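In: The following block contains a protein sequence and its predicted model.
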Amino acid sequence: MDRRQLPPEQIRTLRAAHPKMRERDFARIHAITEAELVSAYCGQGVLGLRPDVETLLAGLKQVGEVMALTRNESVVHEKIGIYEDVHFGQKASMVLGENIDLRIFPERWAFGFAVERPSETGELRRSLQFFDRFGDAVHKVHARPGTDLAAWHDLVGRLQNLEQDGTLDIETPSPEVPSGPAADREELRARWESLTDTHQFFPMLKALNLGRHEALNMVGADYAWPLDAGAVAGLFAGAVAEALPVMVFVGNRGCIQIHSGPIVNVAPMGPWLNVMDETFHMHLRTDQIAEAWAVRKPTKDGHVTSVELYGADRELILQMFGKRHEGVDERPDWRRLVEALPPAGRSTAA
């Protein structure tokens with residue numbers, strides 16, 4: 001469905017007829033972006049903000065406990081904690097706190113809003129919401145009972161945008177065009193075999209002009225092999241049963257959010273696989289997982305094993321690793337869990 005531009009008053013009228021529909025679903029059904037939906041209420045509980053990542057992160061250190069939310073089309077990743085151990089960079093900024101762990105790409109942030117909406121009990125729910133130039137959410141921060149509201153309002157004041165007319169210049173995504181010929185299988189394997197750190201993986205793909213999914217299909221089953229669709233539930237169940245500390249990465253164009261630690265409460269509900277732990281909540285649409293892959297990457301400390309989930313568009317939904325520290329080989333129980341998952345074509349019921 002082609003995206004259409006609706007005036008704010010028309011968006012508000014349509015929204016009034018569907019007040020309980022999830023924002024992302026409402027925007028998709030009405031062929032608008034989520035950013036346009038939020039912006040339509042500027043002056044009515046919504047205040048436009050500058051997407052100034054440095055000011056935001058510096059201010060969030062003062063507000064205390066909040067909930068950080070990062071999502072893509074198929075999974076929502078929520079972490080409760082404080083923004084601490086913040087590092088700024090021109091290309092990427094990082095939050096390395098005990099609970100909130102982020103990699104932020106400021107160039108991708110285009111629009112911001114402070115939102116105040118009453119809950120069903122009448123209590124105000126406060127959030128800071130940021131979007132990319134295509135109108136897709138990159139990161140949200142939700143206030144909690146322990147949030148310092150004086151510091152929150154001070155931060156909103158420092159981020160306030162002078163323009164509050166509710167109109168946005170939304171761009172339409174276009175397919176990325178390869179800059180040149182892609183590498184062949186031999187080149188890929190030679191570079192893959194020479195990896196010494198997982199952080200070298202993305203630069204390797206860029207140098208070889210290969211997409212992530214394309215590389216997994218090309219490299220060979222000793223480094224990447226497809227898993228059965230039922231492997232995802234088995235992966236989470238196994239991590240819970242063995243109390244394995246894991247790392248769960250969820251990202252989009254502008255932000256990657258990471259959970260590090262064990263997972264305790266996994267609750268499937270229809271197509272959703274939910275994690276409902278004290279400081280980590282996750283909601284994964286398993287019906288939107290088109291492919292699951294097990295991946296091995298060499299490092300100077302031995303190879304590192306991960307599971308990667310992809311949607312029908314071949315875009316990465318989620319990555320999961322065993323929790324490890326630099327200079328230490330990965331946990332053998334995590335490696336055994338992944339290597340025991342059923343490969344594609346062999347269901348867990350077989």
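Out: Alright, I've got the coordinates.
In: Can you tell me the centre-most residue of this structure?
Out: Nearest residue to the geometric centre of the chain (Cα atoms, centre = their mean): G251, 2.6 Å.
In: Would you mind giving me the confidence score for it?
Out: On the pLDDT scale, G251 is placed at 98.
In: show me what contacts it?
Out: Going by Cβ atoms under 8 Å, 6 or more residues apart in numbering, G251 touches 70, 72, 103, 257, 316. C-beta coordinates here come from the backbone N, C-alpha and C atoms, glycine included.
In: now D136
Out: Taking Cβ under 8 Å, 6+ apart as the criterion, D136 is in contact with 33-35, 252-253.
In: Reformat the residues you listed as TSV; add secondary structure.
Out: Below are the contacts of D136 laid out as TSV (DSSP: H, G, I helix; E, B strand; the rest coil):
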residue	secondary structure
T33	coil
E34	helix
A35	helix
N252	coil
R253	coil
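In: For ChimeraX, write the select line for the buried members of those residues.
Out: Restricted to buried positions by 16 or more other Cβ atoms under 10 Å, the ChimeraX selection for those reads:
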select :33,34,35,252
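In: Around L244, how many other residues sit close by?
Out: Close neighbours of L244, defined as other Cβ atoms under 10 Å, add up to 18.
In: Could you dump the contacts of D136 into TSV with distance to D333 added?
Out: Output for those, formatted as TSV (distance: Cβ to Cβ, whole Å):
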residue	distance to D333
T33	43
E34	40
A35	43
N252	31
R253	34
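In: So which of the contacts of D136 is the closest to T121?
Out: Taking Cβ to Cβ as the measure, T121 sits nearest to E34 out of the contacts of D136, at 24.9 Å.
In: quick one, what contacts the closest one?
Out: Contact partners of E34, counting by Cβ under 8 Å, 6+ apart, are 23-24, 27, 131, 135-137.
In: Roughly how far does the closest residue to it other than its chain neighbours sit from E54?
Out: Ranked by Cβ to Cβ, 6 or more residues apart in numbering and with sequence neighbours excluded, the top spatial neighbour of E34 is A27, at 4.6 Å. Separation of A27 from E54 (Cβ to Cβ, to the nearest Å): 29 Å.
In: If you count surrounding residues, which of the two has more?
Out: A27 (23 against 13).
In: Give me the three-state assignment for the more buried one.
Out: Per three-state DSSP, A27 ends up helix.
In: residues contacting it?
Out: Taking Cβ under 8 Å, 6+ apart, one finds 33-34, 36-37 in contact with A27.
In: could you dump the residues you listed to CSV with distance to G302 and pLDDT?
Out: Shown next, in CSV, are those (distance: Cβ to Cβ, whole Å; pLDDT from 0 to 100):
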residue, distance to G302, pLDDT
T33, 44, 95
E34, 42, 96
E36, 48, 95
L37, 47, 95
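In: re earlier: of the contacts of D136, which is the nearest to Q90?
Out: Scanning those for proximity to Q90, where the rule is Cβ to Cβ, the winner is R253, at 17.0 Å.
In: pretty sure the closest one contacts H139?
Out: No - if you go by Cβ atoms under 8 Å, R253 and H139 don't touch, sitting 10.7 Å apart.
In: List the pairing partners of the one helix or strand P268 maps to within its sheet, with orientation.
Out: Using DSSP states H and E, P268 sits in strand 266-269. Sheet pairing for strand 266-269, assigned by DSSP bridges, gives strand 272-276 (antiparallel).
In: What lies in contact with the partner strand?
Out: 232-233, 236, 263, 265-268, 281-286.
In: now, which of these lie within helices?
Out: Using DSSP state H, 232-233, 236 are the members of the contacts of strand 272-276 that sit in helices.
In: Settle this for me: F134 is touching T172, isn't it.
Out: Yes - using Cβ under 8 Å, F134 is in contact with T172, at 7.2 Å.
In: who has more neighbours, the two?
Out: F134 (16 against 10).
In: Tell me which helix or strand in this structure has the weakest average pLDDT.
Out: Counting by mean pLDDT, DSSP states H and E, the chain has its least confident helix or strand at helix 23-29, which shows a mean of 91.
In: Name all residues that make contact with V307.
Out: Neighbour list for V307: 227, 231-232, 235, 292-295, 319-320, 338, 341 [criterion: Cβ under 8 Å, 6+ apart].
In: Select from the residues you listed the one having the most neighbours.
Out: With neighbours defined as other Cβ under 10 Å, the most crowded of the contacts of V307 is A231; it has 26 neighbours.
In: which residue packs closest to that residue, ignoring adjacent ones?
Out: Using Cβ to Cβ, 6+ apart, the nearest residue to A231 is L341, at 4.1 Å.
In: quick one: that neighbour is in a helix?
Out: No - per three-state DSSP, L341 lies outside any helix segment and is coil.
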